[in-house]
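Colleague: take this sequence and fold it.
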Amino acid sequence: MALLTHVLACLFGIGSWVAINGMWVELPLVVPEIPEGWYLPSYLTVIIQLANIGPLFITLMHRFKPGALDERPVIYTIVVMGVVATFLLAFLWKHTLVVGGAVHSVALLSLSFLLSVVDCTSSVTFLPFMMRLPPQYLTSYFVGEGLSGLIPALVALIQGVGMVQCKNATANANVSMENSTWGSSGELVAHYEQANFSAQVFFLFLSVMMIVCLGAFLILNHLPAVAKERKCERYLDDATHREKAGVGLALQNSAPEQKPMLDSSESPVKEPRSSFGKGTFSSAQLVFIFVVLAWVNALTNAVLPSVQSYSCLPYGNQAYHLATTMAAAANPVACFIAMFVPNRSLVLMAVLTVTGTGFGAYIMAMAALSPCPLLVYHDMGAALVVITWVVFVLTLSYVKVIIGVILRDEGHSALIWCGAVVQLGSMLGAMSMFPLVSIYELFKSGDPCNTKCPK
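Modeller: Numbers count the residues shown, from 1 in each chain. You can find the predicted model right below:
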């Protein structure tokens with residue numbers, strides 16, 4: 001039954017961000033059909049940040065009324081909301097209304113807000129729920145969370161989203177007005193190929209994924225065979241008691257706790273180094289852990305994704321799709337590595353964070369140089385940017401898993417704060433990049449067929 005629980009934890013994790021990740025990868029098909037056009041990504045960025053009211057409410061409830069809010073009813077609510085919203089999105093995303101004298105995709109934007117609330121709130125409810133299971137299943141959850149980005153990307157790749165065919169403009173001289181601008185030059189024009197299936201089918205697929213998440217959550221709660229894997233309820237009661245009393249020491253009369261995922265030698269009981277969780281870490285170490293957590297999530301969830309097209313498209317459409325797909329695959333791979341090669345060293349965490357940040361700096365530099373980044377006319381340039389994206393995601397995803405494992409052993413409240421800091425970092429990253437990309441337009445797009453740069 002251990003394997004079944006691992007699979008269920010993974011499927012449960014997939015539902016965490018699959019809806020919003022699916023929205024992003026479907027943009028090339030959605031944008032041409034709506035009045036907002038390519039302003040939609042900017043609108044989505046703002047909508048996702050507004051949706052942080054969900055995790056803010058949950059965090060404040062746990063801070064001021066610890067133990068009063070059970071995350072299970074909240075999870076049922078948001079997952080069902082995700083199922084309904086993605087289903088409605090499949091049929092209503094093209095519908096528009098006149099608001100303030102302008103035509104807007106009210107249904108698309110409203111349902112996107114609901115899905116954002118679902119996914120943002122999952123950060124502060126799904127992780128604390130995993131406290132009810134032994135520690136080894138937390139990494140399986142993180143694998144599923146990584147797959148929530150990979151699976152939509154792979155489906156969109158099969159769908160043919162954003163696939164470009166470069167055609168000679170002179171061949172279309174008698175077809176449209178393109179020949180007046182392009183016909184005499186003989187340059188290539190990008191023609192986006194028709195998708196293999198519609199956006200409606202894709203959104204229905206997202207709805208099915210949310211149903212799978214709901215089913216996994218139901219089984220984790222109610223199947224007797226899985227119930228044997230759950231930790232006793234007294235553990236959660238003890239955790240709640242510690243939160244209310246503010247006591248860092250473990251209760252001596254409670255049942256012995258499961259061994260953490262990462263083996264640690266038994267040591268005599270020590271005085272708590274802080275009032276947070278079990279007092280394992282000092283205040284300075286906790287500040288370091290949470291700052292790293294916010295920084296890593298700002299980079300991976302907001303800062304670098306906002307410039308991914310600028311960093312990759314100058315090298316060609318193939319480089320862009322390879323970078324997006326392989327980077328999405330690197331996330332669950334990092335979780336698998338953490339499952340078999342666990343390490344909770346703060347020194348290693350710092351080294352990996354600096355390493356990942358260095359690769360992120362290269363990506364940002366290539367985006368800033370767009371449409372003429374380094375080695376733009378060489379295969380080595382395309383290979384380098386793809387490898388950089390993979391290593392960037394791989395290293396920082398490993399850091400996120402290790403921090404999750406460390407905070408999981410500090411108790412239920414620690415995982416709530418973990419989810420809150422994840423959302424805070426993502427929000428700060430998005431807020432910092434939004435004006436640079438959308439308002440001041442500091443980054444310039446590369447043409448998938450014609451990148452003109454000095455050699």
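Colleague: following the helix or strand bottoming out on mean pLDDT in the chain, which helix or strand comes up?
Modeller: Counting by mean pLDDT, DSSP states H and E, the chain has its least confident helix or strand at helix 178, which shows a mean of 41. Per DSSP states H and E, the first helix or strand lying C-terminal to helix 178 is strand 188-192.
Colleague: name the helices or strands packed onto that following strand?
Modeller: Under the contact criterion of 3 or more C-beta pairs under 8 Å, 6 or more residues apart in numbering; DSSP states H and E, strand 188-192 touches strand 164-168. All C-beta spots, glycine's among them, are computed from the backbone N, C-alpha and C.
Colleague: which other helices and strands contact the strand it packs on?
Modeller: If you count contacts as 3+ C-beta pairs under 8 Å, 6+ apart, strand 164-168 packs onto strand 188-192.
Colleague: flag every buried residue along the helix or strand following the strand it packs on.
Modeller: Using DSSP H and E, the helix or strand that follows strand 188-192 in sequence is helix 199-222. Under the neighbour-count criterion of 16 or more other C-beta atoms under 10 Å, helix 199-222 has 199, 202-207, 209-214, 216-217, 219-220 buried.
Colleague: all helices of the stretch 251-400 of the chain, in order?
Modeller: 283-298, 308-312, 317-340, 346-369, 379-408 (DSSP state H, counting those that start in this stretch).
Colleague: how many neighbouring residues does the closest residue to Val307 other than its chain neighbours have?
Modeller: Nearest residue to Val307 in three dimensions, chain neighbours excluded: Ala367, at 3.7 Å (C-beta to C-beta, 6 or more residues apart in numbering). By other C-beta atoms under 10 Å, the residues close to Ala367 number 25.
Colleague: quick one: pLDDT of Ala367?
Modeller: In the prediction, the pLDDT value recorded for Ala367 is 93.
Colleague: do I have it right that it meets Phe443?
Modeller: Yes: contact criterion C-beta atoms under 8 Å: Ala367 and Phe443 qualify, at 5.6 Å.
Colleague: where do the contact lists of those two overlap?
Modeller: Both Ala367 and Phe443 are in contact with 307, 310, where contact means C-beta atoms under 8 Å, 6 or more residues apart in numbering.
Colleague: give me the below-cutoff pLDDT ranges for the protein.
Modeller: 1, 169-187, 190, 225-270, 273, 275, 277, 446-451 (pLDDT under 70).
Colleague: now do 80
Modeller: 1, 38, 42, 67, 161-193, 223-279, 317, 438, 445-452, 454-455 (pLDDT under 80).
Colleague: what sits up against stretch 204-220?
Modeller: 5, 8-9, 11-12, 14-16, 18-19, 22, 75-76, 79-80, 82-83, 86-87, 89-90, 133, 151-152, 155, 226.
Colleague: now swap in stretch 373-386 and tell me
Modeller: 311-312, 314-316, 318-319, 322-323, 326, 363, 365-367, 451, 453, 455.
Colleague: please redo it, this time with the cut-off set to 7 Å
Modeller: Contact partners of stretch 373-386, identified using C-beta atoms under 7 Å, 6 or more residues apart in numbering, comprise 311-312, 314-316, 319, 322-323, 326, 366, 451, 453, 455.
Colleague: got a PyMOL select line for the buried ones in these?
Modeller: Of the contacts of stretch 373-386, the buried ones can be selected in PyMOL as follows, counting by 16+ other C-beta under 10 Å:
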select buried, resi 311+312+314+315+316+319+322+323+326+366+451
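Colleague: and the two most separated of the contacts of stretch 373-386?
Modeller: Met326 and Lys455 (28.1 Å; C-beta to C-beta).
Colleague: quick one: stretch 121-135 to chain centroid distance?
Modeller: How far stretch 121-135 lies from its chain's middle: 16 Å, per C-alpha atoms, centre = their mean, to the nearest Å.
Colleague: export it as PDB, just CAs?
Modeller: Extracted C-alpha coordinates of stretch 121-135, given in PDB (Å, rounded to 0.1, in the frame of the first residue of the first chain):
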ATOM      1  CA  THR A 121      -4.600  28.700  -1.800                       C
ATOM      2  CA  SER A 122      -3.200  25.200  -2.500                       C
ATOM      3  CA  SER A 123       0.200  26.400  -1.300                       C
ATOM      4  CA  VAL A 124      -1.100  26.900   2.200                       C
ATOM      5  CA  THR A 125      -3.500  23.900   2.400                       C
ATOM      6  CA  PHE A 126      -2.000  21.000   0.400                       C
ATOM      7  CA  LEU A 127       1.400  21.100   2.200                       C
ATOM      8  CA  PRO A 128      -0.100  21.200   5.800                       C
ATOM      9  CA  PHE A 129      -2.400  18.300   4.800                       C
ATOM     10  CA  MET A 130       0.700  16.200   4.000                       C
ATOM     11  CA  MET A 131       1.500  16.400   7.700                       C
ATOM     12  CA  ARG A 132      -1.100  13.700   8.100                       C
ATOM     13  CA  LEU A 133       1.100  11.300   6.200                       C
ATOM     14  CA  PRO A 134       4.600  10.000   7.000                       C
ATOM     15  CA  PRO A 135       7.400  12.200   5.900                       C
END
